[in-house]
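Participant: A structural model of the following input is requested.
(chains A and B)
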Amino acid sequence: MKNTLGVVLTGGKYQGLKDLSAIRSGSAVPVGGKYRAIDFVLSNMVNSGIKKVGVITQYSFRSLMDHLGSGKEWDLDRRYDGLFIFPPSLSDDDSGIYMGSADAMYKNLSFFKRSNEEYALLAQGNCVYKMLYKQMLEYHIEKNADITIAYREMDDYTPAELTRLGIISLDKDERIIDFQEKPLNPATLNGSIGIYILKRELLISLLQECAAHGNYDFVKDILIKKLPELKIYGYKFSGYWRNLSSVRMYYRCNMELLDPGVRQELFINNGKIYTKVKDETPAKYNAEAEVKNSIVADGCIIEGTVENSILFRGVIVGKGSVIRDSIIMQSTYIGENVNIQHAILDKNVVINNEKQFRGDSDWPVIIGKDAMV
Amino acid sequence: MARREIIAMILAGGQGSRLGVLTKKIAKPAVMYGGKYRIIDFTLSNCVNSGIETVGILTQYQPLKLNSHIGIGKPWDLDRMHGGVTILSPYIKDEKGEWYKGTANAIFQNIDYIDKLGPEYILILSGDHVYKMDYSKMLDFHKQNNAEATISVINVPIEEADRYGIMSIDDRGKIYKFEEKPKNPQSTLASMGVYIYTWEVLKNYLIKDNIDEQSEHDFGKNIIPNMLKDGRSLWAYEFSGYWKDVGTIQAYWESNMELVKRLPEFNLYEQTWKIYSFNPIMPPHYVDSKGSVNTSVVAEGCMIYGTVKNSVIFPGVVIEEGALIEDSIVMSKSRVGKGAYINHSIIGEGVCVGSNVRIGVGEPVPNEYKPGVYNSGITVVGDNACIPGNVVMGKNVMVDIGVGPEDFCSLDVPSGKSVFKGGDCE
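Facilitator: Numbering: from 1, shown residues only, chains lettered A, B, ... in the order given. Model (predicted):
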């Protein structure tokens, strides 16, 4: 897919993730013991053979920039092409702030103009899935489509969760006839997964037209408005896919990684998932450790009980402590005789001895970054 | 470009023949250690953590694995515009090709490399040892004493002193006597094979040594004694941390096993002195609800459905249901089948162990093929061997690299026996 330019949209304010995204972009949220959400889309692009990737970022992007660096871990530290990061520019009249996804791309139009790839593939930075985009591009060409949107049958989403997606209706030929953005009453179960393929030249002209009309959202102002006029097709993806747009979904996605089938699909089949390397020592289990159905990253030292949980790199679990159904992020320290259930502990949290926390599977407790309890 | 004050040269050409099948196809510095590392990672990380960014690595014996591990030095941030890592293999000169004939000769043959960089001091290291050391402190010591050579020393038990180069020093630390592997050691200060030399001084000795036909071209046997004879300023720098030459199967196994202790003497979890290595791209490891892990070290990518006790498990290992691993080392990407039992063994990389196999059971009879190597009760399975289901294997057994099910004459391999590739079945 050398002829395709990758664009990662790391999006607006993810208030749905509460404290987890208060200090970082939704795409930089830690997932699965050592990854950040954006690792999945970046690895998918690299595994698909895309050589040039632009990452458009707006809110709290420091941790995202720190994570991406020069793109070394994804082999995107290239002399030509490679990784480009586009934070908003500071201007006197604040016009540099991105008003929406289309506006963000329009403000970096020179990146698109200077490129010479035939196609552009736009994708979201906060979704967990494994996909080789090549088949989608082939489908796009075969359908002679103007725009192709990937969608998935969201039969494993609750009605409430469906209202946070873009819902599409298709005709027999898979042409999209309706697109509802975050509808109150979803017409179908077909949710857009936010991956779009179109010709780069077409993208440029659509962005210019959109800006000329004072609009700024790629979905609402371009896709939906152009449905009658352009041939916009749906491409069905039937693998695992989660968008980390709410605490509940974030928690659910992490817990689903305990399933061997999901892990096989995400981490083993169709290429690896790359992430920033931390050079931690392998995890150490002391005599009292009792770990069941859990994911444990390097650098952890475990002396307690851990069940149905995800431990990120460098987590320490003291003696007599019990952790169940929880997500414990990097370098968090848990003292002795602590009891934690249904909780999400952010990075560098310190939990002193004898403390107890208990959330609910639908409503996990969140302890914010650097908190000391 | 500023002249470098010090550069490091790592001698990584050793075979480490007492590690048996572990070093059959790879040099000792490339042997895996501690659940993730290769032995040379410690020396390389020490260099980088000490601020030394120009490192030459001298290879000779089976360098393939070592070369690919080091690559351009990326994991150590040695992929640099200036300096960085250079692999120095023996090469053909005007008339003839020549191997490195000894430690000193290896440096002699690379005088051009060193002179081009023009360092004031040179740090000579061995890639065979496991330790954490700040060489910059040793360099300070060298400069303070106006030394021409500084040798790092460690106190060893007197009964082991005859295995090392032993130094006698005055109360300021100046060396007045050096004996290589002495029968009657006069002191317990052993050379760690870590030297700092003032380059111009060493260079002259190397040139002289090269034309001396009696010489074995070895630092311990020739260069240091010659310098002492000439009354040069040689100093001993005392080191007091963990330092191990994991040169035998027993020492290698023990050193790995020390890492699983609650507070290992060799602490690899210090954030201030990290050990860098190539990082396999694998997800964090998973322990199943039927699995169990105690007093062990487990790396990324593993899937544990069985039981692991007192063991070191490298990246990407799969341990199936009902399997039990005890007091063992299992290297990268090996797979242990259902119901298998592994005790007191070292399992190489990419090994498959069939279901219900039992390894390391029975009486500790020394190995018949190499009794000097496999005699401490530890069974060693070479890389990429495949052990068919239901095999029962004793202690001190050696399984050759790449052995397949067809190479097993019977399902019973008693203690002290070996299994060879294309092996003869009587």
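
Participant: what residues does chain B put near chain A?
Facilitator: Residues of chain B lying close to chain A by Cβ under 8 Å from any Cβ of the partner chain are B:34-36, B:75, B:259-260, B:262, B:268-269, B:274-277, B:279, B:281-289, B:291-300, B:303, B:308, B:313-315. C-beta: built from backbone N, CA, C; applies to glycine.

Participant: just these: which are in strands?
Facilitator: B:285-287, B:292-294, B:296-298, B:303, B:308, B:313 (DSSP state E).

Participant: where does the chain dip in pLDDT?
Facilitator: Since you didn't name a chain, this refers to chain A. The model of chain A has pLDDT under 70 over residues A:12-24, A:60, A:91-95.

Participant: actually, chain B is the one I wanted.
Facilitator: Residue ranges of chain B with pLDDT under 70: B:1-3, B:424-426.

Participant: and if we set it to 80?
Facilitator: By pLDDT under 80, the weakly predicted segments of chain B are B:1-3, B:93-97, B:423-426.

Participant: mind checking the longest strand of it?
Facilitator: Per DSSP E, chain B has its longest strand at strand B:189-198.

Participant: walk me through which strands it pairs with, and which way each runs.
Facilitator: strand B:121-126 (antiparallel), strand B:149-155 (antiparallel), strand B:165-169 (antiparallel) (DSSP bridges).

Participant: need those in TSV (columns: mean neighbour count).
Facilitator: As requested, these are exported to TSV (neighbours: other Cβ atoms under 10 Å in any protein chain shown):
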stretch	mean neighbour count
strand B:121-126	24
strand B:149-155	23
strand B:165-169	21
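
Participant: write out the residues of chain A neighbouring chain B.
Facilitator: Counting by Cβ under 8 Å from any Cβ, chain A comes close to chain B at A:32-35, A:258, A:260, A:263, A:266-267, A:272-274, A:277, A:279, A:281-299, A:301, A:307, A:310-313.

Participant: please check those and keep the buried ones.
Facilitator: A:32-35, A:258, A:263, A:266-267, A:273-274, A:277, A:279, A:281-286, A:288-299, A:301, A:307, A:310-313 (16 or more other Cβ atoms under 10 Å in any protein chain shown).

Participant: just the ones of those residues in strands?
Facilitator: Here DSSP E is the test, and these give A:35, A:283-285, A:290-292, A:294-296, A:301, A:307, A:310-311 as lying in strands.

Participant: of all these, which two lie farthest apart?
Facilitator: Maximum pairwise distance in those, criterion Cβ to Cβ, is 25.7 Å, between A:Tyr35 and A:Glu290.

Participant: quick one: residues contacting the most centrally placed residue in chain A.
Facilitator: Computing the C-alpha centroid of chain A and ranking residues by Cα atoms, centre = their mean puts A:Asn126 first, at 1.8 Å. By Cβ atoms under 8 Å, 6 or more residues apart in numbering or on different chains, the contact set of A:Asn126 is A:10-11, A:14, A:26-27, A:29, A:37-38, A:243-245.

Participant: likewise for A:Gln58?
Facilitator: Under the criterion of Cβ under 8 Å, 6+ apart, the neighbours of A:Gln58 are A:10-12, A:25, A:87-88, A:97-98, A:104.

Participant: helices along the stretch 201-350 of chain B, start to end?
Facilitator: Counting by DSSP state H, counting those that start in this stretch, the stretch 201-350 of chain B has helices at residues B:224-229, B:249-258.

Participant: distance to B:Gly71 added to the strands paired with strand B:189-198, as JSON lines?
Facilitator: Below are the strands paired with strand B:189-198 laid out as JSON lines (distance: least, Cβ to Cβ, whole Å):
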{"stretch": "strand B:121-126", "distance to B:Gly71": "19"}
{"stretch": "strand B:149-155", "distance to B:Gly71": "28"}
{"stretch": "strand B:165-169", "distance to B:Gly71": "33"}
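
Participant: report the buried residues of the lengthiest strand in chain A.
Facilitator: In chain A, taking DSSP E as the definition, the longest strand is strand A:190-199. By 16+ other Cβ under 10 Å, the buried positions in strand A:190-199 come out as A:190-199.

Participant: right, I'll call it a day here.
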